[in-house]
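> After the sequence you'll find the predicted model.
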Amino acid sequence: MNGKVFGLLVLVGLTASPALAEEIRSGAGLCLDVHAPCQNENGCQVQVWECNDRRQQRWRIEGREIRSRAGLCLDVHAPCHEEDGCQVQVWECNGSPQQKWKLEGGVIRSRAGLCLDVHKPCERENGCNVQVWQCNGSRQQTWKLRH
């Protein structure tokens, strides 16, 4: 952790001025991560990975959007954005409902009311899928932002 302090940043409605959250950590301690080879492309997979202080693990909150360091928005795949298990990706920011998020007490909710969720069977493994799921208070749906 190289001497940095981690805390829980609680924002209601993501209405704060632009803020850098250098890392968004899962309940299992892995970082929200954009697959490095495609981090500048629409549709690139969002996963969890051991925190390594690299560009693909840095995020910025702007309004109700969560932006990658490459400037793409955290996005729920449009055709299934209201369904459990729908994949989370990055996409060019366009103001669509599937790019709107709300942080509440360590939970990150999509506009459809589903929670950002790490796939339970692999929640402690690099490359584990990030999806949305009905909010249930589980560790897979708990996030900490370094600020």
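Everything's here; your move.
> Look up how far Cys115 lies from Leu103.
The gap separating Leu103 from Cys115 is 11 Å, by C-beta to C-beta, to the nearest Å. For glycine as for every other residue, the C-beta is placed from the backbone atoms N, C-alpha and C.
> which neighbours do those two share?
Residues within reach of Leu103 and of Cys115 at once, by C-beta atoms under 8 Å, 6 or more residues apart in numbering, are Arg109.
> What are the boundaries of the strands in this protein?
For the chain, the strands defined by DSSP state E occupy 19-21, 23-26, 31-34, 44-49, 59-62, 65-68, 73-76, 86-91, 101-104, 107-110, 115-118, 128-133, 143-146.
> Could you save these as JSON lines and add columns showing mean neighbour count?
Below are those laid out as JSON lines (neighbours: other C-beta atoms under 10 Å):
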{"stretch": "strand 19-21", "mean neighbour count": "16"}
{"stretch": "strand 23-26", "mean neighbour count": "22"}
{"stretch": "strand 31-34", "mean neighbour count": "27"}
{"stretch": "strand 44-49", "mean neighbour count": "22"}
{"stretch": "strand 59-62", "mean neighbour count": "19"}
{"stretch": "strand 65-68", "mean neighbour count": "22"}
{"stretch": "strand 73-76", "mean neighbour count": "26"}
{"stretch": "strand 86-91", "mean neighbour count": "22"}
{"stretch": "strand 101-104", "mean neighbour count": "19"}
{"stretch": "strand 107-110", "mean neighbour count": "21"}
{"stretch": "strand 115-118", "mean neighbour count": "26"}
{"stretch": "strand 128-133", "mean neighbour count": "22"}
{"stretch": "strand 143-146", "mean neighbour count": "21"}
